[in-house]
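Q: Pasting the sequence and the predicted model now:
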Protein chains: 2
Amino acid sequence: MSQFFSPKEVALAIGVSESSLKRWVDKGLIPAEKTGGGHRRLQLDAVLRFIRDEGKGLANPEIIGLPAETGKIVPAGESAQAEFLQAMSSGNEATAKRIILDLFISGMSVANICDLVIAPVFERIGDLWRCGDLEVYQERRACELCGRVIHELRRAVGSGPDDGPLAIGGTLDGDPYTLATNMSEVVLRDAGWRATSLGHMLPFDTLRKAIENDHPHLMWISVTTIRDTERFIANFNVLFDTATSFGCAIIVGGQALTADIRQSLRYTTFCDNLRHMEAFARTIRPRDRVATPITSPEVKF
Amino acid sequence: MSQFFSPKEVALAIGVSESSLKRWVDKGLIPAEKTGGGHRRLQLDAVLRFIRDEGKGLANPEIIGLPAETGKIVPAGESAQAEFLQAMSSGNEATAKRIILDLFISGMSVANICDLVIAPVFERIGDLWRCGDLEVYQERRACELCGRVIHELRRAVGSGPDDGPLAIGGTLDGDPYTLATNMSEVVLRDAGWRATSLGHMLPFDTLRKAIENDHPHLMWISVTTIRDTERFIANFNVLFDTATSFGCAIIVGGQALTADIRQSLRYTTFCDNLRHMEAFARTIRPRDRVATPITSPEVKF
DNA sequence: GACTGAATGCACGAATTGAACGATTCGAAA
DNA sequence: TTTCGAATCGTTCAATTCGTGCATTCAGTC
């Protein structure tokens, strides 16, 4: 839920004076609203984005409802994966969330967080489970945890602009894995889209209905398994035709889509990972927020 | 056409106190009429104009909580269900979360929120889907949304004391429904337990492993479907014996557990709903927070 | 070293907020 | 129409936040 914070709380959380924070808000560095009486109201995702863009730290994260010690120790590159794996397999929810939030605040792109940390760790846990090095319940618990971590990331990213273009997506019938589609949703929201995951196990014809009813400009489909290849291709291409007739682009991705299958498939773009997806999504819908990390200090004002 | 709102409703929707909102109306910031007796009546378009003009941030996801179609904003009692159903089936994430959080803030117990609002609405959506009144994607999207709402509720409840007794649970192999186990987790956390859901599709032997490794004092198991009744009963009773030997209580629940099956089953307690579960959980682990709803206003602080 | 411009933190009175309180009004059932 | 619980009224009060001015710090420049 988008929650409101007062300048005092945010200032305390970041570790600066209330005066400075008020100045930053007035300069437009942190988007904020004002009450009828003129008091500033800050939203969590806006604050996190500011911290991220300006390279600030968090002195007292718990004040704005973040796990303690967030933003203090930034796990550098490789070690983040190892720590995250440890937290995930042991079921340490607080630590797992903290690691991902740390990466987000320190400026790592959402797509990279997903591609380089969450997804590989998740895959590694699957391997460990298949090898018998991890109990079933540990693997299942990690699945649960992963969903919660992504939820937290979605919270940090924010819901995107209300007037942004609509994107919907999910996984197909027979495909119960929600991880990829949930990550896709967050990445698209970060790229300025009004993205909503429809969940998993979606038959083709309901996706057509969704396009007809909601008129999205983008649909992503994650394909992990395919039962009947021929039927899949036929159904998919019909879906693509429906989409194009409504001006909706189709993004596909997933292990099941081998080069052979892709040759018979019609789609707008295929993505090997979420960075590809992000790049494509930004091509159609360029980001309207401050983006370039290098030039931003000079460009200001 | 012209919908009227009370100051209380609008205050809740915008996220300010009723007092402030009344002052703004009196200052003329929001045009409003008065009844013969002096009660303020606000019109929807006037409120929306105020939000647009004063809060120059324009697009505020918070404001989506003003459902023009349904009318009332504050979900009081019965209407909460209807509004929640509307939000869930239309995929309105912000409104759905708002309704549930409002109920929580207003003092409704977590168990009651789950039993009287979330669960019935979820079941109704299933019915609508089976009758063909709802598209598949709407039902799947509602599932997704439901998970997110519960996540938000879990956030509001908090993670419970670190030194609280441990409770773990989930659904059995072949049972893919995570809703019940996730709600159970939140209810138990609210009751002071350090509860962690292990997720869904858990084989019996991994539950035994979990008990041996983590030594929980409580395990909840949600049973929605049973394939082989005899094997189920046999496996379950073995699990129960393992649990008791480790001093772990077993709570079961779910539609699949008919009276016949229950007769052959050994468990600590059977729960028809989450209120039962809460009551039982509090019996073992009396709540250390403010509990009784009647005296709570005085007891605070 | 001295100067400059910008950013920071603190202090101040004025204004706003949110939570009380008893009194009054509303709306629906009897 | 009358009655009664729930909602709203107007008001007060402590706490918070507003906007502003001012002293301090700190790079960068002369």
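A: Sure, I can see it. Numbering: from 1, shown residues only, chains lettered A, B, ... in the order given.

Q: Find the helix or strand that the spatially most central residue of chain A is a member of.
A: The residue lying closest to the centre of chain A (C-alpha atoms, centre = their mean) is A:Val186, at 2.4 Å. Per DSSP states H and E, A:Val186 falls inside helix A:179-190.

Q: again, but for A:Phe270
A: Going by DSSP H and E, A:Phe270 is part of strand A:269-271.

Q: And for A:Ala82, the neighbour number?
A: 12 (other C-beta atoms under 10 Å in any protein chain shown). Yep, even glycine has a C-beta here, placed from its N, CA and C like the rest.

Q: and what of A:Pro120?
A: 14.

Q: now swap in A:Phe240 and tell me
A: A count of neighbours around A:Phe240, defined by other C-beta under 10 Å, yields 20.

Q: In this structure it contacts A:Tyr267, no?
A: Yes - counting by C-beta atoms under 8 Å, A:Phe240 does reach A:Tyr267; the two are 6.0 Å apart.

Q: Summarise which helices and strands the helix holding A:Val186 is packed against.
A: Secondary-structure packing of helix A:179-190 (3 or more C-beta pairs under 8 Å, 6 or more residues apart in numbering or on different chains; DSSP states H and E): helix A:110-113, helix A:119-131, helix A:136-157, strand A:166-171, strand A:194-197, strand A:218-222, helix A:274-284.

Q: got a list of what the closest residue to DNA strand C within chain A touches?
A: Chain A approaches DNA strand C most closely through A:Gly37 (1.8 Å), counting by C-beta to the nearest atom of the strand. By C-beta atoms under 8 Å, 6 or more residues apart in numbering or on different chains, A:Gly37 lies in contact with B:Ser20, B:Arg23, B:Trp24.

Q: Please apply the same query to A:Phe232.
A: A:Leu172, A:Ile226, A:Ile261.

Q: Specify which member of those is nearest to A:Asp162.
A: For the contacts of A:Phe232, the minimum distance to A:Asp162 (C-beta to C-beta) is 29.0 Å, reached by A:Leu172.

Q: low-confidence ranges in the stretch 151-300 of chain A?
A: Where the stretch 151-300 of chain A drops to pLDDT under 70, the residues are A:286-300.

Q: what residues does the stretch 151-300 of chain A put near DNA strand D?
A: Counting by C-beta under 7 Å from any atom of the strand, the stretch 151-300 of chain A comes close to DNA strand D at no residue.

Q: Around DNA strand C, pick out the residues from the stretch 151-300 of chain A.
A: Residues of the stretch 151-300 of chain A lying near DNA strand C by C-beta under 7 Å from any atom of the strand: none.

Q: Show me which residues of the strand holding A:Phe270 are buried.
A: Judged by neighbour count using 16 or more other C-beta atoms under 10 Å in any protein chain shown, the buried positions of strand A:269-271 are A:Thr269, A:Phe270, A:Cys271.

Q: In terms of secondary structure, what does it contact?
A: With contacts defined as 3+ C-beta pairs under 8 Å, 6+ apart, strand A:269-271 has these neighbours: strand A:249-253, helix A:274-284.

Q: How about residues contacting the longest one?
A: Residues lying outside helix A:274-284 but in contact with it, judged by C-beta under 8 Å, 6+ apart, are A:109-112, A:114-115, A:119, A:165, A:167, A:183-184, A:187-188, A:190-193, A:217-218, A:220, A:249, A:251, A:253, A:269, A:271.

Q: Over to the shortest one?
A: The contact list for strand A:249-253, computed with C-beta under 8 Å, 6+ apart, reads A:169, A:180, A:184, A:217-223, A:239-240, A:243, A:265, A:267-273, A:276-277, A:280-281, A:284.

Q: Need the per-residue pLDDT for A:Lys72.
A: A:Lys72 carries a pLDDT value of 67.

Q: Same question for the residue of chain A closest to DNA strand C, what's its three-state structure.
A: coil (DSSP: H, G, I helix; E, B strand; the rest coil).

Q: State the pLDDT value of it.
A: In this model, A:Gly37 carries a pLDDT of 88.

Q: Could you pick out which of the contacts of A:Gly37 are located in helices?
A: B:Ser20, B:Arg23, B:Trp24 (DSSP state H).

Q: Domain-wise, how is chain A divided?
A: Annotated domains of chain A cover A:4-64, A:78-157, A:166-284 [automatic domain parsing].

Q: Low-confidence regions, the stretch 1-150 of chain A specifically.
A: Looking at the stretch 1-150 of chain A by pLDDT under 70, you get A:1-2, A:71-77.

Q: show me what contacts the closest residue to A:Gln138 other than its chain neighbours?
A: Closest residue in space to A:Gln138, ignoring its immediate chain neighbours: A:Ser89 at 5.7 Å, by C-beta to C-beta, 6 or more residues apart in numbering or on different chains. Taking C-beta under 8 Å, 6+ apart, we find A:Ser89 in contact with A:Ile125, A:Leu128, A:Leu134, A:Gln138, A:Ala142.
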